[in-house]
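>>> no sequence for this one, just the structure:
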Ligand SMILES: Cc1ncc(COP(=O)(O)O)c(C=O)c1O
Ligand SMILES: N[C@@H](CCCC[NH3+])C(=O)O
């Protein structure tokens, strides 16, 4: 089976930017304006189904941070995944979208007091969630608040992976208790809490062979630790762990010719690396669930030939999609207004001449470009461009820098998901003349 083929009919491993219906996207842009995120909720459900099939028998938790939109959360909930949340705000969103407490994990990273206060209070109405804790200090702060419920200990496995150094978490001291001290921290936590699991996360965008190897190393280390903790628990009569969470990070192909991740093979390798443990495997992917379910539509407003490249000035910028500016991330770009031949990603076939094009946003930062001198159809003013794989960490990382309002989002079916922010929205928190 080729990497692109279907797994059970209409559920292909990867959906390329070329696969989106250009007419539909043009209609949505005409109706809702640009910049506009378009999210295909059916694709979200398909991605969830593929994860559940590949990791059958494991707990699959959606890392909510990748896309917190209500419709996405409801879709993921209906598809049977749990929710992994990075803040009290994300916990609130998950509960509001219908996830019961026992299907919510809160991963507390240097948690502000207000986050701990909130979740401990909310748990009263939503029993049996899990709090994942990466420092003894956090355990103490939970105990101070009277919390004695389910806790998972986050471990720093010393193994990192991911598409960019800024997203490799596994070896960063910020995350998790040091591997060598993990068993001791678990033993200490058992005196005060119901310790149900251990957790580690290598990083985000695991796709390259070396990242997959790092993922396997991490899983193997977690398997060893689970066995060590399990046998210590038996001696002390505390019982074994419920689960071993090996994190998320499963990558998607961003470049047109990147191969799709063979999810079944990754799942098999994960199980094999974990080895024999008396606990359920858990994973918490975010990107994989939503990345290829979203595109960002933006319109060309300025065309400027320069000796090196034609600059296509567009109405979306790093405030709408930060990834290229922050990580030099590659996102496929498709001109929806030229002949469909270029939907195949073969610029030489398309009706317009092609050449080096720099797609640049309206923000006063040099890094505010979606691509630099990439071979694309020479742009014309009012062209509609689609930026691919924008569903993960797209809207979520949007900001109002340069007093730009955040974009709108609609579903592919045409339902409004998030309104376009207004200037009044951008300035709504400002106070003037209120200082005494
Ligand atoms: C603790 C944790 N879990 C899960 C994820 C989800 O990662 P991804 O979206 O790459 O699957 C992240 C992000 O890197 C994370 O920090
Ligand atoms: N924001 C990152 C992923 C980091 C996930 C959070 N630990 C990205 O867009 O690639």
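Cool, the structure landed. All values reported here derive from a predicted model rather than from experimental measurement. Ligands and ions are numbered 1, 2, ... in the order given.

>>> Who does residue 198 form a beta bridge with?
Under DSSP bridges, the beta-bridge partners of residue 198 are residue 153, residue 244.

>>> right, and it touches residue 227 too?
No - with contact defined as C-beta atoms under 8 Å, residue 198 does not count as touching residue 227 (11.1 Å). Yep, even glycine has a C-beta here, placed from its N, CA and C like the rest.

>>> Report the rounded mean pLDDT for the longest helix belonging to the chain.
Once the chain is assigned using DSSP state H, the helix that runs over the most residues is helix 209-236. Here helix 209-236 scores 87 as its mean pLDDT.

>>> Would you mind measuring from residue 171 to ligand 1?
13 Å (C-beta to the nearest ligand atom, to the nearest Å).

>>> Burial check on that residue, number of neighbours?
Close neighbours of residue 171, defined as other C-beta atoms under 10 Å, add up to 17.

>>> so where's the stretch 151-300 of the chain uncertain?
Applying pLDDT under 70 to the stretch 151-300 of the chain flags residues 232-239.

>>> For it, which segments are assigned as helices?
182-190, 209-236, 263-274, 287-290 (DSSP state H, counting those that start in this stretch).

>>> again with the stretch 301-436 of the chain
With DSSP H, counting those that start in this stretch as the criterion, the stretch 301-436 of the chain has helices spanning 323-327, 423-426.

>>> Compare the mean pLDDT across those and name the weakest.
helix 423-426 (a mean of 94).

>>> Ligand 2: which of the helices of the stretch 151-300 of the chain is closest?
helix 287-290 (6.8 Å; C-beta to the nearest ligand atom).

>>> How far off centre is stretch 77-84?
Averaging C-alpha positions (C-alpha atoms, centre = their mean, to the nearest Å) puts stretch 77-84 14 Å from its chain's average.

>>> Buried residues in it, which are they?
77, 79, 81, 82, 83, 84 (16 or more other C-beta atoms under 10 Å).

>>> does residue 119 really touch residue 130, like I thought?
No - counting by C-beta under 8 Å, residue 119 stays clear of residue 130, with 10.8 Å between them.

>>> Now the common contact residues for the two.
Counting by C-beta atoms under 8 Å, 6 or more residues apart in numbering, the shared contacts of residue 119 and residue 130 are residue 106.

>>> Can you report how many residues lie near the residue of the chain found nearest ligand 2?
Nearest residue of the chain to ligand 2: residue 393, at 3.2 Å (C-beta to the nearest ligand atom). Close neighbours of residue 393, defined as other C-beta under 10 Å, add up to 25.

>>> Surely it is in contact with residue 68?
No - applying C-beta under 8 Å as the test, residue 393 and residue 68 come out as separate, 10.8 Å apart.

>>> circling back to that earlier point, neighbour count winner among residue 198 and residue 227?
residue 198 (27 against 18).

>>> Okay, and which of the buried residues of stretch 77-84 map to helices?
Checking these against DSSP H, those in helices are residue 77.

>>> Can you pull up the residues of the chain that come close to ligand 1?
Residues of the chain lying close to ligand 1 (C-beta under 6 Å from any ligand atom) are 63, 66, 84, 107, 167, 169, 201, 204-205, 247-250, 284-288.

>>> and those near ligand 2, which?
Answer for the residues of the chain next to ligand 1 near ligand 2 (C-beta under 6 Å from any ligand atom): 167, 169, 204, 205.

>>> which residues touch the third one?
If a contact means C-beta under 8 Å, 6+ apart, then residue 204 has 162, 163, 167, 169, 248, 249, 251, 286, 287 as its contacts.

>>> Let's see if you can find the most crowded of these.
Busiest of the contacts of residue 204 [other C-beta under 10 Å] is residue 249, holding 31 neighbours.

>>> who's in contact with it?
Under the contact definition (C-beta under 8 Å, 6+ apart), the residues listed for residue 249 are 161, 162, 201, 202, 203, 204, 205, 206, 211, 215, 285, 287.

>>> In contact with the fifth one, which residues?
It stands for residue 203. 160, 161, 162, 167, 168, 169, 170, 211, 249.

>>> that older thread, using CSV, lay out the helices of the stretch 301-436 of the chain together with distance to residue 357 and mean neighbour count.
Converted to CSV, those look like this (distance: least, C-beta to C-beta, whole Å; neighbours: other C-beta atoms under 10 Å):
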stretch, distance to residue 357, mean neighbour count
helix 323-327, 14, 19
helix 423-426, 30, 12
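
>>> I'd like to know which of those helices is closest to residue 416.
helix 423-426 (15.2 Å; C-beta to C-beta).

>>> Any chance you could list what contacts that closest one?
Here helix 423-426 has contacts from 400, 403, 404, 405, 406, using C-beta under 8 Å, 6+ apart.

>>> Could you give me the buried positions within stretch 387-403?
In stretch 387-403, counting by 16+ other C-beta under 10 Å, buried: 387, 388, 389, 390, 391, 392, 393, 394, 395, 396, 397, 398.

>>> In strands only, show me the residues you listed.
residue 387 (DSSP state E).

>>> and the gap between the residue most central in space within the chain and residue 319?
Geometric centre of the chain, nearest residue: residue 66, 2.8 Å, by C-alpha atoms, centre = their mean. As for residue 66, its distance to residue 319 is 19 Å (criterion: C-beta to C-beta, to the nearest Å).

>>> For residue 75, what is the enclosing helix or strand?
helix 70-78 (DSSP states H and E).

>>> ok, and for that helix, which residues are buried?
71, 72, 73, 74, 75, 76, 77.

>>> any residues touching that helix, and which ones?
So helix 70-78 is contacted by 39, 41, 44-45, 48, 62, 64, 83, 93-94, 96-99, 103, 289-290, 411, 415, 417 (C-beta under 8 Å, 6+ apart).

>>> Need the buried ones from these selected in ChimeraX.
Only the buried entries of those go into this ChimeraX selection, using 16+ other C-beta under 10 Å:
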select :39,41,44,45,48,62,64,83,93,94,97,99,103,289,290,411,417
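
>>> Which members of the contacts of helix 70-78 occur in helices, if any?
41, 44, 45, 48, 93, 94, 96, 289, 290.

>>> Tell me how many other residues crowd the residue lying closest to residue 15 once chain neighbours are set aside.
Taking C-beta to C-beta, 6 or more residues apart in numbering, and ignoring the residues beside it in sequence, residue 15 has residue 292 as its nearest neighbour in space, at 4.4 Å. Look at residue 292: counted by other C-beta under 10 Å, it has 30 neighbours.
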